[in-house]
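# this one's sequence-less:
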Ligand SMILES: [Zn+2]
Ligand SMILES: [Zn+2]
């Protein structure tokens, strides 16, 4: 049955993302799946990730430069992105700003969420700046 196959594929995608803690791109999830189950096509992985994000089951982390990342962690948190290597880490703040209501009133939107992305240079990239090579390889 088509329906059954979809469920199995979605379960594999969800499980794979759950085990990846580095906010992978859809491509990275696909490559990881390839290593285990070569039967899922790249298009299917992309479609499932997009649908799960739309349904609010996973988090889509918009990335100002490069592909969107996906996050299985649905707890309220922000992200920090390294401007050099592009790695995205979690930022847990005790008190997250929740300006939805005010902004919704002020601008006439029904706000359904917000994304807060900090930017900087990660520890590893910062270390490698000391070296002679300014063109740092991706972490
Ligand atoms: Zn970095
Ligand atoms: Zn995250």
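Now that the structure is in, tell me what you want to look at. Worth saying up front: this structure is predicted, and the values here are computed from it rather than measured. Residues are numbered from 1 along each chain as shown. Ligands and ions are numbered 1, 2, ... in the order given.
# where does pLDDT dip in the chain?
Confidence mapping of the chain against pLDDT under 70 gives the ranges 1-3, 38, 96-97, 129-139.
# domain-wise, how is it divided?
Annotated domains of the chain cover 1-74, 75-131 [automatic domain parsing].
# and the last one, is it in reach of ligand 1?
Yes: using Cβ under 5 Å from the ion, domain 75-131 reaches ligand 1 at 82, 84-85, 122, 125. Just so you know, the C-beta spots here come from the backbone N, C-alpha and C atoms, and that holds for glycine as well.
# right, so the domains of the chain: which one is the most enclosed?
Highest mean neighbour count among those (mean count of other Cβ atoms under 10 Å): domain 1-74, with a mean of 15.
# does ligand 2 sit close to it?
Yes: judged by Cβ under 5 Å from the ion, domain 1-74 comes into contact with ligand 2 at 71, 73.
# report whether that domain contacts ligand 1.
No: shown here: domain 1-74 not in contact with ligand 1 (Cβ under 5 Å from the ion), separated by at least 11.7 Å.
# chain center to that domain: distance?
Between the centre of domain 1-74 and the centre of its chain there are 10 Å (Cα atoms, centre = their mean, to the nearest Å).
# use 67 as the first number from now on
Happy to do that; since the first residue is 67 now, the last one works out to domain 67-140.
# next, give phi and psi for the residue nearest to residue 130 when sequence neighbours are not counted.
Leaving aside its chain neighbours, residue 130 sits nearest to residue 183 (7.4 Å; criterion: Cβ to Cβ, 6 or more residues apart in numbering). When read as degrees, to the nearest 10, the backbone of residue 183 gives phi -120, psi 120.
# what's the answer for residue 137, then?
Torsion angles at residue 137 (phi, psi; degrees, to the nearest 10) stand at phi -140, psi 130.
# the one 3 residues further on too?
For residue 140, the backbone dihedrals (degrees, to the nearest 10) come out as phi -100, psi 0.
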